[in-house]
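Peer 1: Got a predicted structure plus its sequence, pasted below:
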Amino acid sequence: MGVLVLNASLEPLHTVSVPHAVRMLIREVAEIHEADAGTKFGHYPLPRVVRLVRYVVMKWRYSRPPSWTRRAVLKRDNHRCAYCGGPADTIDHVVPLSRGGARTSWLNTVACCGGSARSCNARKGNRLLSEAGMRLLVTPHVPTWAELCS
């Protein structure tokens, strides 16, 4: 379970482990913003969200978009398959790598259901959408930091 870390301005920064969050509380660089009632971690209530005491400047976050990762693609697409709308557990390249598609492009990857012979990932295979007779329910886009932190 991760603990969400908020900046002093209440904007989400990242998540940390519970022991890391408690160390932040001990060092007094953060305060508990939200905690599980009745559950304790040492002397502290089990934190779910902590807020930094001082504002951290995050110019780097606004100067470039988030880095591409498989986990981030799944989060961007809300763990829903871009072809059928069902639960997604993998990603698919809209333009296959063998056809010149980019491996780590936000605009060429979507969340997809996979793991069986009847999944959308298996149905599409190494073909273009038009060749497979499939269409996207969502348009791939570069997410904002807020999309990935929520």
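Peer 2: Ah, there it is.

Peer 1: Let's see the pLDDT reported for Arg61.
Peer 2: On pLDDT, Arg61 comes in at 66.

Peer 1: Ala117 too?
Peer 2: Listed pLDDT for Ala117 reads 88.

Peer 1: can you check Ser150 too?
Peer 2: pLDDT for Ser150: 64.

Peer 1: Show me which positions of the lengthiest helix in the chain end up buried.
Peer 2: Looking across the chain with DSSP state H, the single longest helix is helix 18-26. Judged by neighbour count (16 or more other Cβ atoms under 10 Å), helix 18-26 contains these buried residues: 21-22, 24-25. Every C-beta, even on glycine, is put in place using the N, C-alpha and C of the backbone.

Peer 1: partners of the next helix or strand after that helix in the sheet?
Peer 2: Moving toward the C-terminus from helix 18-26, the next helix or strand (DSSP states H and E) is strand 30-41. Next to strand 30-41 in the sheet, as set by DSSP bridges, lie strand 44-52 (antiparallel).

Peer 1: Can you list the buried residues in the partner strand?
Peer 2: Taking 16+ other Cβ under 10 Å as the criterion, strand 44-52 shows 45-52 as buried.
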